[in-house]
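Novice: Fold the stuff below for me.
(2 chains)
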Amino acid sequence: DAGVIQSPRHEVTEMGQEVTLRCKPISGHNSLFWYRQTMMRGLELLIYFNNNVPIDDSGMPEDRFSAKMPNASFSTLKIQPSEPRDSAVYFCASSRPDKESDTQYFGPGTRLTVL
Amino acid sequence: AQTVTQSQPEMSVQEAETVTLSCTYDTSESNYYLFWYKQPPSRQMILVIRQEAYKQQNATENRFSVNFQKAAKSFSLKISDSQLGDTAMYFCAFMPLTSGTYKYIFGTGTRLKVLA
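Specialist: Numbering: from 1, shown residues only, chains lettered A, B, ... in the order given. Presented below is the predicted three-dimensional model:
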C-alpha cells in the first residue's frame, strides 16, 4: 500500500507569494493531520480533519494559513502571503482511529523555504 | 495541561551496545496511547513502537522495547544491539483517548548517534 503522499518535497519561494502544499492520505484513513516542524518549536499540530471536516484548527498560526480537505483523498495547506518565518518542514499524517489504534502515519514532508 | 518531556537532548552509543531513551508525561487521563517515532536524516517520521496504557505488558518490536511505568508516568525506549541505521531523532508522543480528538502531544526529541 502507498503511504501518505506529499507534494512538493521541496519548495522555495519569495516572501509575499502564495504557497500550496498537498497531501494524499492513506486510502481508507479518515483522519488527517498537518504538522509544522522547526528547530525552535519542534513538531506543532496545525490542524486536523476527521471525515473531511476540520475538527481542531487551534494550531494554525494566523489568518495567512488555511487548510482544506475537499474529499477523503486530498488535502491542501495554503499560506498566503508567505513570510520568511514560515520556513519549516510541513508534515501530513493520516490515521484510522476505529481500526488501527490511532497510529498516525506520516508523509515524507515538504521543506518550505521562504526567502 | 498535558505535557511530554524528553530530558536527553542528545545521546550516543557504540554499535552493538544497548541504549535507553527516557520519556515522561504528565496527564490526569487514565486511558491513552504512547508512541515512539524515529526521524532519520531523511526526515521521514517512522513509527517505532506503541503502547496502550491499559496493557501492563511492555511492548516489544524486534530490537526495540519499552519500559512502561504507568504510576510513574514514564515510557522509556530501549534499543538493543544498536546499529548505525538507528542514528536519528527519536520522539515520544502521547495521545489521550477520553477527549476523542486523536491528537498527539510530542516531546522535543532525543538525537541519538550510533558510533562505529
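Novice: which SSE is the residue nearest to residue A:112 when sequence neighbours are not counted in?
Specialist: Excluding the flanking residues, the one nearest residue A:112 by C-beta to C-beta, 6 or more residues apart in numbering or on different chains is residue A:11, at 4.9 Å. Where you see a C-beta, it was placed from the backbone N, CA and C, and this is true even at glycine. Following DSSP states H and E, one finds residue A:11 within strand A:10-13.
Novice: Let me see the contact set for the residue nearest to residue A:65 when sequence neighbours are not counted.
Specialist: Spatial nearest neighbour of residue A:65, excluding adjacent residues (C-beta to C-beta, 6+ apart): residue A:79 at 5.7 Å. Applying C-beta atoms under 8 Å, 6 or more residues apart in numbering or on different chains, we find residue A:79 in contact with A:18-19, A:64-65, A:86, A:112.
Novice: do residue A:113 as well
Specialist: A:10-13, A:87.
Novice: Give the pairing partners of whichever strand or helix holds it; include direction for each.
Specialist: Assessed by DSSP H and E, residue A:113 sits inside strand A:110-114. Next to strand A:110-114 in the sheet, as set by DSSP bridges, lie strand A:10-13 (parallel), strand A:88-95 (antiparallel).
Novice: Give me the buried stretch members for the first one, please.
Specialist: Under the neighbour-count criterion of 16 or more other C-beta atoms under 10 Å in any protein chain shown, strand A:10-13 has A:11, A:13 buried.
Novice: Helix or strand next in line after it, which one?
Specialist: Assigned by DSSP H and E, the successor of strand A:10-13 is strand A:19-24.
Novice: Find the residue at the geometric middle of chain B.
Specialist: residue B:36 (3.3 Å; C-alpha atoms, centre = their mean).
Novice: Who are the contact partners of the residue lying closest to that residue once chain neighbours are set aside?
Specialist: Closest residue to residue B:36 in three dimensions, ignoring its sequence neighbours and counting by C-beta to C-beta, 6+ apart: residue B:48, at 4.3 Å. Each residue near residue B:48 by C-beta under 8 Å, 6+ apart is listed here: B:35-38, B:61, B:64, B:77, B:90.
Novice: List, one by one, the residues from chain B near chain A.
Specialist: Within chain B, the residues that sit near chain A (C-beta under 8 Å from any C-beta of the partner chain) are B:33, B:35, B:37, B:42-47, B:50, B:52, B:91, B:95, B:97, B:101-104, B:106, B:108-109.
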